[in-house]
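S.K.: Predicted coordinates and the sequence they were generated for:
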Amino acid sequence: MIFCKSAEKKPGLFERMKQAIGATRNSLVARLESALSGRPAIDESLFEELEEILLGADVGVKATTQVLQQIRDQHKKQLLKTSDDVRAAIKQLLLSILETTAERVPHAAVGSLQVWLVVGVNGTGKTTTVGNLDAKLGQNGKKVLICAADTFRAAAVEQLSIWAERSAVDIITSRGGSDPSAVLHDALSAAVARNNDIVIVDTAGRLHTRGNLMQELGKMGRVAARVVPGAPQEVLLVLDATTGQNGLTQAREFLKSAGVTGLVVTKLDGTAKGGVLFGIAQDLKIPVRYVGIGESIEDLMDFSPKVFVDSLFGDAATFRN
């Protein structure tokens, strides 16, 4: 698949991420620093305070339980003797949660057409993400075709048409109200004929509680597989970071109905709830592929667990990175 494996080496990436997640850093790391500073002893009261901080930063119950259990175990084995030891252990455990899922990258045959379905509820930034993806992949030399399968929202088709023209990529559209699966079939047939590398499919913004709409995603997956064996190679779920734990609920439903393979977390720069990335990774084992810290092409960033965690912990001089 086409994901950046050296995102942490790009100049300025750490600084941009650090600035973008300032609110999350304040809700998580600043509070951890306050709880640990000047602590005379590591005891149960500290563990309880750490638990409250992690849950308050939307890290989630499973991830928080995992981290605290490991911290308690290491303390019992006398591996954690100081506050600095606890800080370093928390950072490493959070990084491990993200790195474990980051390894789950699907593979496609070299040279074969890839189909990426982009799914999510209305208002998450899904259509903007599709536009940014096509431009980003196009800049990397990939021949991209956009399938505008959100046939229920004329504005989405218009928005993608502008992106396609700006990025000089192909786009397949249809009349409003058309069957999304039929549009997808036409787009895939065109992509095969035109020798495209990737088809990015914008789907209708679906409420995860609407069973019939979720079933439509399953139908689209089956149509894709009939035209392109092995498709879809990627099903990207776009989540709005500002929704916090509600994003976990959405991810769980889409995982069941659409076979989600990766996440795009948008609006990370506008929330203190970025800790939800750890919760989703620990709970559902879904890797984060990209994060959005704005609406421009440059603001859709390949996700690096190391950059994200270093950015969370990197501003406090007492933290050991």
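M.R.: Cool, got the structure. Residues are numbered from 1 along each chain as shown.

S.K.: now what about the one helix or strand in the chain whose mean pLDDT sits lowest, what contacts it?
M.R.: When the helices and strands of the chain are scored by mean pLDDT, DSSP states H and E, helix 245-258 comes last with a mean of 81. Here helix 245-258 makes contact (CB atoms under 8 Å, 6 or more residues apart in numbering) with 58, 60, 117, 119-121, 208-209, 214-215, 217-218, 221, 235, 237, 239-241, 243, 260, 263, 265, 273, 276, 279-280, 283-284, 286. Heads up, the C-betas are built off the backbone N, CA and C, glycines and all.

S.K.: hmm, which of those are the buried ones?
M.R.: Among the contacts of helix 245-258, those scoring as buried are 58, 60, 117, 119-121, 208, 214, 217, 221, 235, 237, 239-241, 243, 260, 263, 265, 273, 276, 279-280, 283-284, 286 (criterion: 16 or more other CB atoms under 10 Å).

S.K.: Just the ones in strands from those residues, please.
M.R.: Among the buried ones among the contacts of helix 245-258, the residues falling in strands (DSSP state E) are 117, 119, 235, 237, 239, 240, 263, 265.

S.K.: wait, residue 267 sits on residue 125?
M.R.: Yes - Residue 267 is in contact with residue 125 according to CB atoms under 8 Å; the separation is 6.5 Å.

S.K.: Name the residues contacting each of the two.
M.R.: Shared contacts of residue 267 and residue 125, counting by CB under 8 Å, 6+ apart, come down to 240, 292.

S.K.: Can you give me the pLDDT of residue 284?
M.R.: At residue 284, the pLDDT value in this model is 85.

S.K.: Ok, residue 121 next?
M.R.: Residue 121 is given a pLDDT of 86.

S.K.: Kindly report the same for the one 10 residues further on.
M.R.: At residue 131, the predicted lDDT confidence score is 91.

S.K.: So for stretch 192-202, mean pLDDT?
M.R.: 95.

S.K.: Could I have the CA atoms of the helix or strand harbouring residue 155 written out in CSV?
M.R.: Element membership for residue 155, per DSSP states H and E: helix 154-167. Only the C-alpha atoms of helix 154-167 are listed here, as CSV (Å, rounded to 0.1, in the frame of the first residue of the first chain):
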residue,chain,number,x,y,z
ALA,A,154,-25.1,17.4,-4.9
ALA,A,155,-22.6,19.6,-3.0
ALA,A,156,-20.3,16.6,-2.5
VAL,A,157,-20.1,16.0,-6.3
GLU,A,158,-19.5,19.6,-7.0
GLN,A,159,-16.8,19.8,-4.4
LEU,A,160,-15.0,16.7,-5.7
SER,A,161,-15.3,18.0,-9.3
ILE,A,162,-13.3,21.1,-8.2
TRP,A,163,-10.7,18.9,-6.5
ALA,A,164,-10.4,16.7,-9.6
GLU,A,165,-9.9,19.7,-11.9
ARG,A,166,-7.4,21.3,-9.5
SER,A,167,-5.4,18.1,-9.2
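
S.K.: For it, what is the distance to the chain centroid?
M.R.: Centre-to-centre, helix 154-167 and its host chain are 23 Å apart (CA atoms, centre = their mean, to the nearest Å).

S.K.: How about stretch 131-145?
M.R.: 18 Å.

S.K.: go on, stretch 90-106?
M.R.: So, by CA atoms, centre = their mean, the centroid of stretch 90-106 is 13 Å from its chain's centroid.

S.K.: Buried residues in it, which are they?
M.R.: Neighbour count says stretch 90-106 has 90, 91, 93, 94, 95, 96, 97, 98, 99, 101, 102 buried, by 16+ other CB under 10 Å.

S.K.: Which members of the residues you listed occur in helices, if any?
M.R.: Among the buried residues of stretch 90-106, DSSP state H puts 90, 91, 93, 94, 95, 96, 97, 98, 99, 101, 102 in helices.

S.K.: list the contacts for residue 129?
M.R.: Counted by CB under 8 Å, 6+ apart, residue 129 has contacts 118, 236, 238, 264, 266, 290, 292, 300.

S.K.: between the residues you listed, which is nearest residue 48?
M.R.: Taking CB to CB as the measure, residue 48 lies nearest residue 266 of the contacts of residue 129, at 33.5 Å.

S.K.: which residues touch the closest one?
M.R.: 124, 125, 128, 129, 238, 239, 240, 241, 291, 292.
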